[in-house]
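Novice: Please work out how this folds:
(one chain, ligands or ions: 1)
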Amino acid sequence: MTFAVLRGLHAIIGDALHDIEQVYAAHADDAPPTHKKTSSFSRVYASPPPSPSSSSSGPSIFTGNGLDFPSLDASCDPTSPSEQLTAHPIVAAAINRIVAAAGQMAASVQAPFLSLCDAGMGYHLPSCLRVLEAAHVVEILRDGPLHVRDIAARTGVDQAKLAHILRLLATHHLLRESSPDVFASNRISSLLDSGKAVHSLFANPERKYDENASAIAAFVGLCTDELFKSSAYLTEAVFPGAARLYPDIERPSGAAASAKAANAGGLAVIPAGSDPTRAPFNYAFGCSGVGYFAWLEGEGWPPSAEQQRKSGHRPDGKPSAHDTQGPRSDANPNQFRLERFGKAMAGTGNWEVPGAVLHGFDWASLPQGSVVVDVGGGIGSTTMLLASAYAELDADGTGGLRFVVQDRSVVVEMGQKAWRTKCPEFLDSGAVHFQVHDFFAPQPVKEAAVYFLRVVLHDWPDAFAQRILLRLREAAAPHTRLVIADWVLPLACVDNFGVGGGGETHAEDSKEQRQVEGAEKMLAPAPLLANLGKASANAYWMDLTMQVTFNGQERTLREIVALAASTGWKVVRVTKAPGSLFGHIVAIPIAVPVPLQRRARAGSGSAFFDVPSGAGAASRGETGEMEIVERTSSRCGTPTFGSRVDLPSVAEARARFERRGVDVGRRTLGYGGTSGLRPPPPAPLKQAAVLTAPPVRKKKPSPLSIVPLASSPSPSSLHRPVASPCLPPQATSPVARRMSQAHGLQSQQTPVPLPVWRQPPPSPMSPRQPLSRRSSYAYLSATAQTQSHAVSSPHPVAAAKLRHMPSSPTLKVPPPQHQQRSPPSPGPTRIPALTRRGSCVQLQSPTTTKRAGTGTIHPPMPRAAGSGSDGLGMTSLLLPGRASGGALDFWRGRRRDDADGDSERADDDIVSRPTTPELLPAGSVLAEAARIERGMLRSRFPDP
Ligand SMILES: C[S@@+](CC[C@H](N)C(=O)[O-])C[C@H]1O[C@@H](n2cnc3c(N)ncnc32)[C@H](O)[C@@H]1O
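Specialist: You can find the predicted model right below:
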C-alpha cells in the first residue's frame, strides 16, 4: 500500500502544479516581457513535466510564452504580476497541497535516521539565518552575487566560517551559491532586506528596523534570537525529570510554589509549567519570575551568574565585546530587542484575512444601540473596522452599534489619541468609547450585546484565560454573545469534534458540546495529513512560540470549547475565512459549572478564589496567581505589545471590507485532479444560532447572575493591568502570506468565491467558466493596497443629535429596539489606480452582511467619438448564475439628473449611472462595480 500512498502524493503534486500552470497561462497577457516564461525550461527550477501518475496527464500546458511562476533564484518582487498571482485562491490552495504532499513524501521515503538528523540538527538553520540577518548579508548582496571574501570583509565575520554558514543556507534554498564561494540572494532571502543602505546599517545597527520595509528582518531577528533560544529549554521547563539529569540548568525558583497557588474550586489549577513568568524563556535567560515583556524593558538584568557564565556576559552584567545584539541604552540594556519586537509586531492585522471579522459574527443582527465591548482591544484597530461598518448613527441618534474599547491605561491613552486624530467623530458621537479596564477585574460594562476578545486568550495559560472569561460571564445577560478571535488549531488527524459525529469524540464530551456550527473534520483527505501537515505549520510554530515564551498557547477547537464551558459559555459556531486557520468563535452564556457556583454562594461575591498574594505569601512559598499576573506585567508600561500600534483611518478600515478580502460565499470552483480535497462547505450562517435566546433556564438562573456583584470584594487591589504576552507570526503584507502557510488553504476548507480572480481557461479535467481574457482582478492584495484608498466618511454629520455613551464605569445596554440596521451605504470612493483594462471583481452588497451576488465587470468600452457626451465608456455587469446583469454608463462631469446644477459633484468627477437598473437585483452591487470601475477609469483618464 505504501506505493499507492506515494503515488497518491505524487499525483497531488502533479495536479496542483497543473492548476497553477493553468492560472498563470490564463494571465499570460499580464506579463511584462521580462516575466514571460519561455518554452525552453532553461532555468534550474523550471517545471518538470507533469507526473505520470497525475490525473491531469499530458504535457505541460506551456508550449509558448506565458506568465512564469516566480523564480526561486531571483529576488522577490511583491508587486510583480507573477508574485501577486501566488495569492490567487487556486494557486494558493495548490501551493499548500504541494507543500503538504512534498513534505509527507520526503518524510516517507527518506531514511528515518536522516529525517531524525534533519529534525535534530535543524537548529543550525535559525542559527545561520540569524547570522545572515544580524550581519546584514542580504543588504550586502542587494546589488548582485558576491564572493564570500568580499562579504566577509564587509561584515567582519571570518571568511571560512561564513562560507560554511552561507552554504548551509543555500543547501536549504534560503540563499544561492551561484558559483564556488559566490553567494547571491534569492526569492526567500531577499525578504530580509531592510531597505537600508549598507553603510548606515553598519554605522547605526540599532536603527535597522526604523523603516517599514524592515518588519520581516525584525521578525526573523526576533525568532532566531530570544525565541529560538527559549525553545531550546522546552524540556527543562516541561519535564520535571530534567532537573535530575541536567544539574547545570538553573531551575527558576518558585515554580513548584506557583503550582500550590492553584485553587481547588473549579478553575484550572496553575501547574508549575503554566506560570507565564517561568516559561522556557526564563530558563534560557536566567530571569526567573520576570515576564518576557518586563525583561524586554530591562527587568531581570543582569541575568543570573550562571547565565552570564554561559552566555559570556561580563559579571557586572554588561555585554561582552562579542555580544552582537547591538548597542544598549543605559536605561534599558535590552532596548534593541525591545524596539525590534515592536517592529516585528507590525502587521499582526494580517493574522486575519482582511475583513474576516465582519463575517465572524452576524453584527447586523444586533438591535440598534447594542453595546459591543472589545476587551483587551488594544488601540481599537479591530473596533475601527467594525465601527466603520456598523456604528453609523441615524439622524435621530438611534442607529448603529456602540463600542467600548477596554485596555490598560497606557494603551487606552494611545488609542484615544489615535482616534482623536483619525476619526474624532466616533468619539464625539459616543459611538466609540475607551475605557481603562483590567480584564481580571469585574467587568464594568454589564449585559453587553457582545464581549469581543481578539488574540487575547492565546496570551494566557488556561487558568488565566478562565478568569478573563469568567469575568465576562459574570457580567453577561442571556442575550449576550461572546466572540473570540484566535487561531483554531486543527488536530493532525481526522477530528469529528464539533461536527456532531460520534466515533472519535471523547467520552466526556457531552453531545451538546460536540455541536459547533462550522467545525471541520479535516482540511485535507488521505493520503495527506488531515491538517495539511507542513502547509499548516505556521499555526503550530505560533503555538509553541506562545508556549516557550509565556506558557501561553494556541488552542484546538475542543480546547476552546472546554475552556469556555468551564466558565459558563457554550461555543455554538466557528467561522474561519477561506484560507485561514484564524477563527471567530461565537459562544452563548450557559449555566456556570457547579463548583464555581458553590464558591459564589459561599459568600465571596465572586466565583473567583482569591489565592494568597504578596510578599508574605511568597516567603511562605505560596505564590498567588495574581502575583504571577503582576510578574508578567510590564514595568514601564510598554504600550501595545501584540496589539497593532497603527490605527487604520476610517477610509482604510472601510477599504478593507469594501473590497472584501474575504468571502464566505459557497460557490464551488471545479478543481482539477485532486477531487475530494475540499470537505463539504459549512452550512450557511444561521441567524438563529446567534439570535435565539440562550438556553438559560428561568427557574434556575445562573448563580452568577444573582451574585451581588456590588458587594464583591474587588480583587483589583491585587491586580494591575499587565502587558499581554503575545507574539507575531507574520510581518506585513504582501509577504505575510509566506509567513503563514495557513494563508491560502481556501480550496481545502471552503470553496473559493468564484469571481475574485480571473480563472484559468477550462480544462477537460476541471470545467470552469471561461472569463474574459481582457478582464483582470480588482482585488489584488487587499493589504498591499489598503493604504492607497481614500474613502470619504460615510457618517452623517448629526453630532448634535447623537447619543453619547455614558462615561460612568458601568454601562447598561439600552432596551433593544429590535430594528434591524444596515451597514452604511457606500460613500463616494476613490479606488487606487489599477492598470488593467477590465476587472473581475467579487461584488458584495455593502448594505447587507449576506452575499448579494457576485459579478464580472467587463471592460469599459470607449465611446464612439461624437456619441453625444464626454462619456468615458460603458461597462457591463454580469451576475453569474442569474439571468440578470446591467450596464454602467461613465462620463466625466455632473450626474445627468443633476444637470440643473444641484449637484455637489465637481465637474471633473467621474460619475456613473446604471443604464438598465431594472435588470439589477441589487443596486448596491452595481454601486460597488461603479466604484471599482471609476478607480480604473481615473487611471486611464487622469483628472484634468
Ligand atoms: C495581543 S493584544 C490584542 C489587542 C487587540 N485585541 C487586537 O486584536 O489588536 C493583547 C492586548 O491585551 C491587553 N492586555 C494585556 N493585559 C491586560 C489586562 N490585564 N487587562 C486589559 N488588557 C490587557 C494588551 O495591552 C494588549 O492590547
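Novice: Kindly report the residues of the stretch 301-450 of the chain close to the ligand.
Specialist: Residues of the stretch 301-450 of the chain lying near the ligand by Cβ under 6 Å from any ligand atom: 376-378, 381-382, 407-408, 411, 437-440. Heads up, the C-betas are built off the backbone N, CA and C, glycines and all.
Novice: Show the buried residues in the residues you listed.
Specialist: 376-378, 381-382, 407-408, 411, 437-440 (16 or more other Cβ atoms under 10 Å).
Novice: Contact partners for the closest residue to Val290 other than its chain neighbours?
Specialist: If the residues on either side of it in the chain are set aside, Val290 comes closest to Gly300, at 3.5 Å by Cβ to Cβ, 6 or more residues apart in numbering. By Cβ atoms under 8 Å, 6 or more residues apart in numbering, the contact set of Gly300 is 285-287, 289-290, 294.
Novice: residues of the helix or strand that Thr421 is a member of that come out buried?
Specialist: For Thr421, the host element (DSSP states H and E) is helix 409-422. Residues of helix 409-422 classed as buried: 410-416, 418-419, 422 (neighbour count, 16+ other Cβ under 10 Å).
Novice: Quick one: low-confidence residue ranges for the chain.
Specialist: The model of the chain has pLDDT under 70 over residues 30-65, 247-273, 302-330, 346-352, 393-399, 500-514, 598-944.
Novice: Roughly how far does the residue in the stretch 451-600 of the chain positioned nearest to the ligand sit from Val238?
Specialist: With Cβ to the nearest ligand atom as the measure, Arg454 is the residue of the stretch 451-600 of the chain nearest to the ligand, at 3.5 Å. For Arg454, the distance to Val238 equals 28 Å [Cβ to Cβ, to the nearest Å].
Novice: Near the residue lying closest to Leu191 once chain neighbours are set aside, how many other residues are there?
Specialist: Take Leu191 and drop its neighbours on the chain: the residue closest to it by Cβ to Cβ, 6+ apart is Ile216, 5.0 Å away. Close neighbours of Ile216, defined as other Cβ atoms under 10 Å, add up to 25.
Novice: Likewise for Val548?
Specialist: 27.
Novice: now the helices: where do they sit in the stretch 351-500 of the chain?
Specialist: For the stretch 351-500 of the chain, the helices defined by DSSP state H, counting those that start in this stretch cover 356-360, 381-390, 409-422, 424-429, 462-475.
Novice: Need the distance between the two termini of stretch 204-217.
Specialist: 15 Å (Cα to Cα, to the nearest Å).
Novice: repeat for stretch 210-225
Specialist: Stretch 210-225 end-to-end distance (Cα to Cα) = 19 Å.
Novice: what do you get for stretch 128-146?
Specialist: Rule used - Cα to Cα; the end-to-end distance of stretch 128-146 is 18 Å.
Novice: before we move on, back to that, farthest-separated two in the buried ones among the residues of the stretch 301-450 of the chain next to the ligand?
Specialist: Ser381 and Phe440 (22.6 Å; Cβ to Cβ).
Novice: thinking again about what came up before, which non-adjacent residue is nearest the residue of the stretch 451-600 of the chain closest to the ligand?
Specialist: Ala485 (4.0 Å).
Novice: Now do the contacts for the one you found.
Specialist: Ala485 neighbours (Cβ under 8 Å, 6+ apart): 352, 357, 360, 382, 452-455, 582-585.
Novice: re earlier: can I take it that the residue nearest to Val290 is in a helix?
Specialist: No - going by DSSP: H, G, I helix; E, B strand; the rest coil, the assignment for Gly300 is coil, not a helix.
Novice: and Gly241, how many neighbours?
Specialist: 8.
Novice: if I look at it, how far off is Ser274?
Specialist: In terms of Cβ to Cβ, Gly241 sits 18 Å off from Ser274.
Novice: same check, this time on Leu174
Specialist: To Ser274, Leu174 is 35 Å away according to Cβ to Cβ.
Novice: When the two are compared, which one has more neighbours?
Specialist: Ser274 (26 against 19).
Novice: Burial check on the closest residue to the more buried one other than its chain neighbours, number of neighbours?
Specialist: Leaving aside its sequence neighbours, Ser274 sits nearest to Pro461 (Cβ to Cβ, 6+ apart; 3.8 Å). Close neighbours of Pro461, defined as other Cβ under 10 Å, add up to 23.
Novice: is it true that Gly355 touches Thr382?
Specialist: No - using Cβ atoms under 8 Å, Gly355 makes no contact with Thr382, being 10.9 Å away.
Novice: shared neighbours, the two?
Specialist: By Cβ under 8 Å, 6+ apart, no residue touches both Gly355 and Thr382.
Novice: Could you check how far the residue of the stretch 451-600 of the chain closest to the ligand is from Gly583?
Specialist: 11 Å.
Novice: overlap in contacts of these two?
Specialist: Jointly contacting Arg454 and Gly583 under the rule Cβ under 8 Å, 6+ apart are 485-486.
Novice: doesn't Gly298 make contact with Ala331?
Specialist: Yes - counting by Cβ under 8 Å, Ala331 touches Gly298, with 7.0 Å between them.
Novice: which one of these two has more residues nearby?
Specialist: Gly298 (19 against 9).
Novice: could you measure the more buried one against Arg337, distance?
Specialist: 10 Å.
Novice: How about Ala475?
Specialist: Counting by Cβ to Cβ - Ala475 and Arg337 are separated by 38 Å.
Novice: Identify the residues contacting Arg337.
Specialist: By Cβ under 8 Å, 6+ apart, the contact set of Arg337 is 222, 225-226, 296, 325.
Novice: What distance do you get for Lys229 to the ligand?
Specialist: Distance from Lys229 to the ligand, counting by Cβ to the nearest ligand atom, to the nearest Å: 22 Å.
Novice: Could you count how many residues lie near Tyr246?
Specialist: 12.
Novice: Now do the contacts for it.
Specialist: Neighbours of Tyr246 in contact, by Cβ under 8 Å, 6+ apart: Glu236.
Novice: do the same with Ser214
Specialist: By Cβ under 8 Å, 6+ apart, Ser214 lies in contact with 194-196, 208, 343.
Novice: Buried only: go through the residues you listed for me.
Specialist: Buried among these (16+ other Cβ under 10 Å): 194, 196, 208, 343.
Novice: give the contact list for the third one.
Specialist: When you say that, I think you mean Lys208. So Lys208 contacts 136, 194, 196, 201, 214, 217-218, 326 (Cβ under 8 Å, 6+ apart).
Novice: The same query, at a cut-off of 6 Å, please.
Specialist: 194, 201 (Cβ atoms under 6 Å, 6 or more residues apart in numbering).
Novice: Tell me the spacing between the nearest residue to Ser200 once chain neighbours are set aside and Leu201.
Specialist: Nearest residue to Ser200, sequence neighbours excluded (Cβ to Cβ, 6+ apart): Arg207, at 7.4 Å. Distance from Arg207 to Leu201, counting by Cβ to Cβ: 8 Å.
Novice: repeat for Pro180
Specialist: On the measure of Cβ to Cβ, Pro180 and Leu201 end up 27 Å apart.
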